[in-house]
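Novice: Could you look at this predicted model? Sequence included:
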Amino acid sequence: MHPSFGAFLVIAHIVAVTIALAVRSRRKRTAALVAQWQAFQQHRSSGLGHLLQMTRVYQLGRHGSKAVVTWRDTARQQDAWFWNWHVPPGAYLLVNASSGYGPHSHNPNVLYVQPGQVRAWVPGQAARAAQRVS
């Protein structure tokens, strides 16, 4: 038994609508990410923090995240502790924080970031979306 031509048209219509909705959703998400990146860049131009990127999160604890960050102006990497926050890998942040001794790792240069020291942040996807659009 072969499907009727009408059934074929219904299936083709459902597939076309699904694809159109997916494309529209992706465009909206990309536009939202680009807007986030642009707002982040405005914060950055105000000089209210130093730009870093979450390179790797290597421990999620009850009271925060241990990570490796990369300072975007120098490409220098540093261990960091984010108090009471699980920062997503790849995120960009503007921070005003200070470094100190890390007793658990015996590292003399751990960046300690309190929640109030993060001036702005965006997920890494925002930067990638802005690059694709430009």
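Specialist: Here it is on my side, so go on.
Novice: Could you list the low-confidence segments of this structure?
Specialist: The model of the chain has pLDDT under 70 over residues 1, 5, 7-8, 10, 12-13, 15-17, 20-24.
Novice: which residues of it fall in helices?
Specialist: Remark: helices of the chain, listed N- to C-terminal, are 5-45, 124-133; assignment by DSSP state H.
Novice: tell me the most buried of those helices?
Specialist: Comparing these by mean neighbour count (mean count of other CB atoms under 10 Å), helix 124-133 ranks first with a mean of 16. All C-beta atoms are positioned from the backbone trio N, CA, C, and that covers glycine.
Novice: elements contacting that helix?
Specialist: Judged by 3 or more CB pairs under 8 Å, 6 or more residues apart in numbering; DSSP states H and E, the packing partners of helix 124-133 are helix 5-45, strand 92-95.
Novice: go with 10 Å
Specialist: Counting by 3 or more CB pairs under 10 Å, 6 or more residues apart in numbering; DSSP states H and E, the packing neighbours recorded for helix 124-133 are helix 5-45, strand 50-61, strand 92-95.
Novice: Need these in a markdown table (columns: distance to residue 71).
Specialist: Formatted as a markdown table, the entries for these read as follows, by distance: least, CB to CB, whole Å:
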| stretch | distance to residue 71 |
| --- | --- |
| helix 5-45 | 13 |
| strand 50-61 | 5 |
| strand 92-95 | 10 |
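Novice: For residue 77, which of those is the nearest?
Specialist: In this view, the helices and strands packed on helix 124-133 are compared for proximity to residue 77 by CB to CB, and strand 50-61 is the closest at 6.2 Å.
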